[in-house]
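Colleague: got a sequence here, can you build the structure:
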Amino acid sequence: MDTPDLPFPLSRRNFLKTTLAASLAAGLGAPAWAADQRNGIPYHTLGRTGEKVSMLGLGGYHAGVPFLESDSIALIRAAVDAGINFLDNSWDYRDGSCETRMGNALRDGYRDKVFLMTKIDGRSKAAAASQIDESLKRLQVDHVDLMQFHEIVRMSDPDRIFAPGGAMEAMLDAKKAGKLRYIGFTGHKSPEIHLKMLATAETNNFHFDTVQMPLNVLDAHFDSFTSKVVPVLLKRDIGIIGMKPLASGIVLQTNTASAVECLRYAMTLPTSVVLTGCDSMDTLNQALGVAKNFQPMTKDEIAALLAKTAPVAVSGQYEPYKTSDHFDGTTRNPQWLG
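Modeller: Model (predicted):
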């Protein structure tokens, strides 16, 4: 995919002048916007994998929130029936119960309708191999479509994963055994850590299929994944998975943007899929409404939204996943790393 070069890195001042917004509105994401539709939801190509995925994906953590498992199953199946095919999960979500619930939801033919992703925390080969097998057992599948290294939030993580006896060896063994099809990584801490992970992969002659990160209206102003990582992924044709479109709901506390504006902004970025947490039918239907009626934001709409959010976003206080360890499950549970 040919894409125009973006400034790298962008200064906050230049970003607020909508340099990136202008590039986006001028057509950086146009190939994605012109994608196929299924049940009214646009489908995008997931980087150079060639896989077609719904522009809206269902977050696995929130799908495990309903008190009754039957409600979780109904929520997941309703999302799939409505046209969502990208399902997110993780080995560590709610002590594994999110994978267990999703596995039960994927019975009765639903597994064949989805692109299934989960994540592992292990940094050693032994820990990673064990978690891969546990995830498959909980999900009741013989393979997932995408397995990602979870919480790449330390500068030491890339070296540990790619070291002899590291988690990458377990991932490659699992791929060879048919337990997974594609490999990616996630993180919410710093664009610099993402860039180190990409550089370490390149040094080891490995090409990630996907990368997941927070992409939202707050990220645009502070230590931005949008300005620092997205251009690199576009140039390398790596699938871009956006998460935290509402900054884990925190952006709503600022009274500067609505949930619909946040979702629409994230979908306007050149993402393959935007993951959002839906813990009720109401939140699911709201997200589906944005996807099924999606029109990319114009340059003026983006500029106006960024101008509203800039004053509260510049310090990073409303992105605690970047500025604290509150969201770092592997920091509180270092034994998960192995």
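Colleague: and residue 220, how close does it get to residue 319?
Modeller: 11 Å (CB to CB, to the nearest Å). Bear in mind the C-beta positions are built from the backbone N, C-alpha and C, glycine included.
Colleague: got any residues that touch both of those two?
Modeller: Residues touching both residue 220 and residue 319 by CB atoms under 8 Å, 6 or more residues apart in numbering: residue 313.
Colleague: which SSE is residue 116 in?
Modeller: Assessed by DSSP states H and E, residue 116 sits inside strand 115-120.
Colleague: and that strand, which strands flank it?
Modeller: Strand pairing for strand 115-120, using DSSP bridges, gives strand 86-87 (parallel), strand 144-149 (parallel).
Colleague: which residues touch the first one?
Modeller: Just to be clear, that refers to strand 86-87. With CB under 8 Å, 6+ apart as the test, strand 86-87 has contacts from 53-54, 56-58, 60, 76, 79-80, 102, 114-117, 273, 275.
Colleague: let's see it at 7 Å
Modeller: Contacts with strand 86-87, where a contact means CB atoms under 7 Å, 6 or more residues apart in numbering, come from 53-54, 57-58, 60, 102, 114-117, 273.
Colleague: just how off-centre is stretch 234-245 within its chain?
Modeller: Taking CA atoms, centre = their mean, to the nearest Å, one finds stretch 234-245 lying 8 Å from the centre of the chain it belongs to.
Colleague: who touches that stretch?
Modeller: Residues from elsewhere that reach stretch 234-245 (CB under 7 Å, 6+ apart): 1, 3, 46-49, 188, 208-216, 230, 233, 262-263, 266, 269-276.
Colleague: out of these, which are buried?
Modeller: Burial by neighbour count, 16 or more other CB atoms under 10 Å: within the contacts of stretch 234-245 this picks out 3, 46-47, 49, 188, 208-216, 230, 233, 262-263, 266, 269-276.
Colleague: on that earlier part again, between the contacts of strand 86-87, which sits nearest residue 159?
Modeller: Using CB to CB, residue 117 comes nearest to residue 159 of the contacts of strand 86-87, at 24.5 Å.
Colleague: let me see the ranges of the strands in the chain.
Modeller: 36-38, 41-45, 52-54, 56-58, 86-87, 115-120, 144-149, 180-186, 210-214, 239-243, 273-276 (DSSP state E).
Colleague: closest to residue 328 out of these?
Modeller: The minimum distance between residue 328 and the strands of the chain falls on strand 180-186, with 12.3 Å, by CB to CB.
Colleague: pairing partners for the closest one, with directions?
Modeller: strand 144-149 (parallel), strand 210-214 (parallel).
Colleague: returning to that earlier point: now the strands paired with strand 115-120 in CSV, with mean pLDDT, distance to residue 294 and mean neighbour count?
Modeller: Converted to CSV, the strands paired with strand 115-120 look like this (pLDDT from 0 to 100; distance: least, CB to CB, whole Å; neighbours: other CB atoms under 10 Å):
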stretch, mean pLDDT, distance to residue 294, mean neighbour count
strand 86-87, 98, 15, 29
strand 144-149, 98, 23, 26
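Colleague: which among these is found nearest to residue 108?
Modeller: The closest of the strands paired with strand 115-120 to residue 108 is strand 86-87. By CB to CB, the value is 15.2 Å.
Colleague: now do the nearest residue to residue 278 once chain neighbours are set aside against residue 150, distance only.
Modeller: The shortest distance from residue 278 to any non-neighbouring residue, by CB to CB, 6 or more residues apart in numbering, is to residue 284 (4.1 Å). Here residue 284 is placed at a distance of 24 Å from residue 150 (CB to CB).
Colleague: what of residue 111?
Modeller: Separation of residue 111 from residue 150 (CB to CB) stands at 22 Å.
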